[in-house]
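Trainee: sequence first, then the predicted structure, then my questions.
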Amino acid sequence: QVQLQESGPGLVKPSQTLSLTCTVSGGSITTNYYFWSWIRQSPGKGLEWIGYIDYSGTTYYSPSLKSRTSISRDTSKNQFILQLGSVTPEDTAVYYCARDQRTVETGANFDSWGQGTQVTVSS
């Protein structure tokens, strides 16, 4: 059974870059045809999808965050990494990584989640 675990700093200063790592166990991030997503939930708001990196290394980002987002991977460590630049206090949220079995027919289909990590943007 696949397990995901987020890691990274819990406090980031405004204008800096937020960097989080998701370590995957029990399955390879290069296995066809999985997508590996980052999702966040800000206080009092719903879930917001940030972007994904797929089994081949192709990335796709939410249009609203695209200009500040980069998702990469380290296949030797079975990890994928989120970088979100120029953060503001509005980026304060619980950040989740998740496995996504999306298809054209179903759209996003998150079947495994990390426990989430709180990131606060504050000086």
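Mentor: That came in fine, so what should we check first?
Trainee: ok, and for the one helix or strand residue 36 maps to, which residues are buried?
Mentor: Residue 36 is part of strand 35-41 when elements are defined by DSSP states H and E. Neighbour counts over strand 35-41 (16 or more other Cβ atoms under 10 Å) mark 35, 36, 37, 38, 39, 40 as buried. All C-beta atoms are positioned from the backbone trio N, CA, C, and that covers glycine.
Trainee: what is it packed up against?
Mentor: strand 18-25, strand 47-54, strand 93-100 (3 or more Cβ pairs under 8 Å, 6 or more residues apart in numbering; DSSP states H and E).
Trainee: got a list of contacts for it?
Mentor: Residues outside strand 35-41 that contact it (Cβ atoms under 8 Å, 6 or more residues apart in numbering): 20, 22, 24, 29, 47-55, 71, 73, 80, 82, 93-102, 108, 110, 116.
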